[in-house]
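# need coordinates for the following:
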Amino acid sequence: MRNGKKIELTAREFQLLEFMMRHSGQVVTRTMLLEGVWDYHFDPQTNVIDVHISRLRQAIDKDFDKPSAAHRARRRVQLARRRIARPKMNSPA
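You can find the predicted model right below:
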């Protein structure tokens, strides 16, 4: 439920949400998701995680004006990646 409104999820979406909630406050890697939700112990080189997370976000945010924590967390990751990707310019001493 979100704000008293029932959210319909598939079994896999529920497993994904449960896994992320159990690891709240932690960085959850693709490997962790593949092993913990799909029981894969190898990287199948697929976008299965991206597809399911996108569907989960859509289900959680449907009919709500304010984005869910899942969207806000993704934005923080994107910003952090940009900061990491930018090389630091050392000024001469």
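
# please name the nearest non-neighbouring residue to Val48.
Trp38 (7.0 Å; Cβ to Cβ, 6 or more residues apart in numbering). Yep, even glycine has a C-beta here, placed from its N, CA and C like the rest.

# now do Leu56
Glu13 (4.7 Å).

# quickly note the distance from that neighbour to Gln45.
Noted for Glu13: a distance of 22 Å to Gln45, by Cβ to Cβ, to the nearest Å.

# what about the two, which has more around it?
Glu13 (20 against 6; other Cβ atoms under 10 Å).

# does the more buried one lie in a helix or a strand, and which?
helix 11-22 (DSSP states H and E).

# where does pLDDT dip in the protein?
1-2, 63-93 (pLDDT under 70).

# mind listing the helices for it?
Assigned helices in the chain, in chain order: 11-22, 30-36, 48-61, 69-85 (criterion: DSSP state H).

# which residue is the nearest non-sequential neighbour of Tyr40?
Leu34 is the one closest to Tyr40 (Cβ to Cβ, 6+ apart), at 4.3 Å.

# return the residues in contact with that neighbour.
By Cβ atoms under 8 Å, 6 or more residues apart in numbering, the contact set of Leu34 is 40-44, 49.

# now, which of those residues sits nearest Lys5?
Ile49 (26.1 Å; Cβ to Cβ).

# tell me how many other residues crowd Gly25.
4.

# cool, and Asp50?
Neighbours around Asp50, by other Cβ under 10 Å: 10.

# please begin residue numbering at 56 from this point
Yep, numbering from 56; the last one is Asp105 now.

# for stretch 80-88, output the C-alpha coordinates as CSV.
The C-alpha trace of stretch 80-88 is given here as CSV (Å, rounded to 0.1, in the frame of the first residue of the first chain):
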residue,chain,number,x,y,z
GLY,A,80,20.4,1.8,3.3
GLN,A,81,22.9,-0.5,1.5
VAL,A,82,24.2,-0.3,-2.0
VAL,A,83,22.5,-3.2,-3.9
THR,A,84,24.4,-4.5,-6.8
ARG,A,85,23.2,-6.2,-9.9
THR,A,86,25.0,-9.4,-8.7
MET,A,87,23.2,-9.2,-5.4
LEU,A,88,19.8,-8.9,-7.2
